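>>> sequence and computational prediction follow.
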Amino acid sequence: MAHQALWSGRFKEPLSKIALAFSTSIDLDKQLYQEDIAGSIAHVEMLAASRILTAAEARKIRAGLKQIQKEIETGRFHLTGDFEDIHLAIEQRLMQKAGALGGKLHTGRSRNDQVAVDERLYLRGAIREISRLIVQLQRVLLYKAEKYFGVLMPGYTHLQRAQPVMLSHHLLAYIWMLERDHDRLRDCLKRLNKSPLGAAALAGTSFPIDRLKVAKKLHFDGIVENSIDAVSDRDYLIELITTCSLIMMHLSRFAEELVLWSSTEFGFAHISDAYTTGSSIMPQKKNPDMVELIRGKTGRVYGALMNLLTVMKALPLAYNRDMQEDKLPMFEAISTTRQCLFIFSHVLVHTTFDRRRMEDELRNDFLTATDIADYLVRKGLPFREAHAITGKIVTYCIEHRMFLGNLDLDILHTFSKAFGPDIFDYIIPHKSVEQKKSAGSTSPHEVKRQIVHWTRALKGRRA
Ligand code: ARG
């Protein structure tokens, strides 16, 4: 049965059932019950400390709120669509339990700052969790980079074979990308971790509340200074979902590579049976569904970002009910990002890489053509000329159904007299990789340096 709304004083008629059904947000915001109760307790304790309520009143309200939390957790208090939202549901229940005293909880605050504080508390936890999951994935990547140290694979540009690289180097690239996501999360937290409580509806309150005290109780780093700003903006959420979108973009690229690499055409990776599925019609199939789903779920997070940006665009200050529509994209983006990071770590643990396949592919191709050009440059030719000569060698090989590894010195001399027997040190993929000198390159020395860096960096990190 619909409850009498706490705001019903000036209304002659109750909210129609269909209007309530349309406007209730409880199905989603009931997930914020812990944050809402924590915010209310901090608020009521501050009211007592500021002598707006007596200590005894605050104690009773606090006890009531704690009981309500238990009732929710044990399923004795049903958060149904009869309530407009989680904030009113809890307050209404408190009034049932504590009578008129329960009505004092809302002194000097508004639902608008409750929504903002609940979200900030929830997102603070989400940032912690997502950061932890990133570190977990980075550790799996590092483990694989160490395990496969020395294995070479074709590096690609335009998905065309480009140059030999170390598999570890490729895996380490993702650790760096995820590290920037980790940094971005920390940066979001700096701006998000401010308390909006005490903004009241929008203009502040005539009660002598202590906003800083509430902020401290809730472990915020300070308050949102401007009361209109405090209840109006959702930039903290948009910023975080932007970061989630980048995380998903990174996961999705890696997912795409695992899809490709586990195909017969590539054959570079084998995802274990426990993380793949079969076909209901084709008995031979083994499909990489988990990584495909990660790639697919990226759309949900991008969608959430667009959704929020669109909801917020052109809203006049301060609060508007449109802003209630932030809950769906918020929960969707956070839970999808969490899930995908979690699953990705598991899939990767259960993925092996096929050294033989990767290195066979290197031999049967032209991946060290750049090394031949660089060799000629070292013999005194201008790079453009060296590039042209090497291009002709490649064409020759294609026409004669050969690869670079099949060339001998006689053939090479027909293209340039600059070639000496040491050229073969440059044509072999392993040598090519070892010849790299620049910082951050795919040389074993540089890749090892990165592995050492990440072993240290991830060791002390909380995950
Ligand atoms: N359920 C609403 C939301 O999430 C609560 C705020 C309602 N405030 C108001 N003034 N109607 O946005």
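That came through fine. From a predicted model like this one, the values you see are computed outputs, not experimental measurements. Numbering: from 1, shown residues only.
>>> the top helix by length along the chain packs against which elements?
As assigned by DSSP state H, the longest helix anywhere in the chain is helix 111-147. Secondary-structure packing of helix 111-147 (3 or more Cβ pairs under 8 Å, 6 or more residues apart in numbering; DSSP states H and E): helix 33-49, helix 86-98, helix 167-192, helix 227-232, helix 235-261, helix 327-349, helix 444-459. C-beta here means a position set from N, CA and C on the backbone, and glycine is covered the same way.
>>> not counting sequence-adjacent ones, nearest residue to residue 193?
Residue nearest to residue 193 in three dimensions, not counting chain neighbours: residue 221, with 4.9 Å by Cβ to Cβ, 6 or more residues apart in numbering.
>>> for the helix or strand of the chain with the lowest mean pLDDT, buried residues please.
Every helix and strand in the chain was compared by mean pLDDT, DSSP states H and E; the lowest is helix 424-427, with a mean of 88. For helix 424-427, the neighbour count (16 or more other Cβ atoms under 10 Å) marks 426, 427 as buried.
>>> give me the contacts around it.
368, 371, 372, 374, 375, 404, 405, 407, 431, 432, 435 (Cβ atoms under 8 Å, 6 or more residues apart in numbering).
>>> report the buried members of the residues you listed.
368, 371, 372, 374, 375, 404, 405, 407, 432.
>>> wait, the third one touches residue 404, no?
Yes - using Cβ atoms under 8 Å as the test, residue 372 is close enough to residue 404 to be in contact (7.3 Å).
>>> overlap in contacts of the two?
Shared contacts of residue 372 and residue 404 (Cβ under 8 Å, 6+ apart): 393, 427.
>>> and the gap between the residue lying closest to residue 266 once chain neighbours are set aside and residue 219?
Nearest residue to residue 266, sequence neighbours excluded (Cβ to Cβ, 6+ apart): residue 260, at 5.4 Å. Residue 260 sits 45 Å away from residue 219, taking Cβ to Cβ, to the nearest Å as the criterion.
>>> sec struct for residue 163, please.
Classification of residue 163 using DSSP: H, G, I helix; E, B strand; the rest coil returns strand.
>>> burial measure for the closest residue to it other than its chain neighbours, as a count.
Once flanking residues are discounted, residue 163 sits nearest to residue 155: 5.1 Å by Cβ to Cβ, 6+ apart. Applying other Cβ atoms under 10 Å, we find 18 other residues in the vicinity of residue 155.
>>> how would you label residue 155: helix, strand or coil?
strand.
>>> correct me, but it touches residue 167?
No - Residue 155 is beyond contact range of residue 167, at 9.9 Å (criterion: Cβ under 8 Å).
>>> need the pLDDT of the residue of the stretch 201-350 of the chain found nearest the ligand.
When scored by Cβ to the nearest ligand atom, the stretch 201-350 of the chain has residue 324 as its residue closest to the ligand, at 3.5 Å. Per-residue pLDDT puts residue 324 at 98.
>>> check contacts around it.
Going by Cβ under 8 Å, 6+ apart, the list of residues near residue 324 reads 23, 25, 85, 115.
>>> excluding residues flanking it in the chain, which one is nearest the closest residue to the ligand within the stretch 51-200 of the chain?
Taking Cβ to the nearest ligand atom, the ligand has its nearest neighbour within the stretch 51-200 of the chain at residue 85, 3.5 Å off. Nearest residue to residue 85, sequence neighbours excluded (Cβ to Cβ, 6+ apart): residue 25, at 4.7 Å.
>>> now do residue 198
Nearest residue to residue 198 in three dimensions, chain neighbours excluded: residue 211, at 3.8 Å (Cβ to Cβ, 6+ apart).
>>> quick check: the one you found touching residue 196?
No - counting by Cβ under 8 Å, residue 211 stays clear of residue 196, with 9.2 Å between them.
>>> coming back round to it: scan the contacts of residue 324 and report the most crowded one.
Neighbour count (other Cβ under 10 Å) singles out residue 115 as the most crowded of the contacts of residue 324, with 26 neighbours.
>>> give me the secondary structure label for residue 270.
Residue 270 is classified as strand under three-state DSSP.
>>> can you give me the distance of residue 399 to residue 331?
Applying Cβ to Cβ to residue 399 and residue 331 gives a distance of 60 Å.
>>> more crowded one of the two?
Counting neighbours by other Cβ under 10 Å for residue 399 and for residue 331 shows that residue 331 has the greater number, 17 against 8.
>>> what's near enough to touch the more buried one?
So residue 331 contacts 28, 31 (Cβ under 8 Å, 6+ apart).
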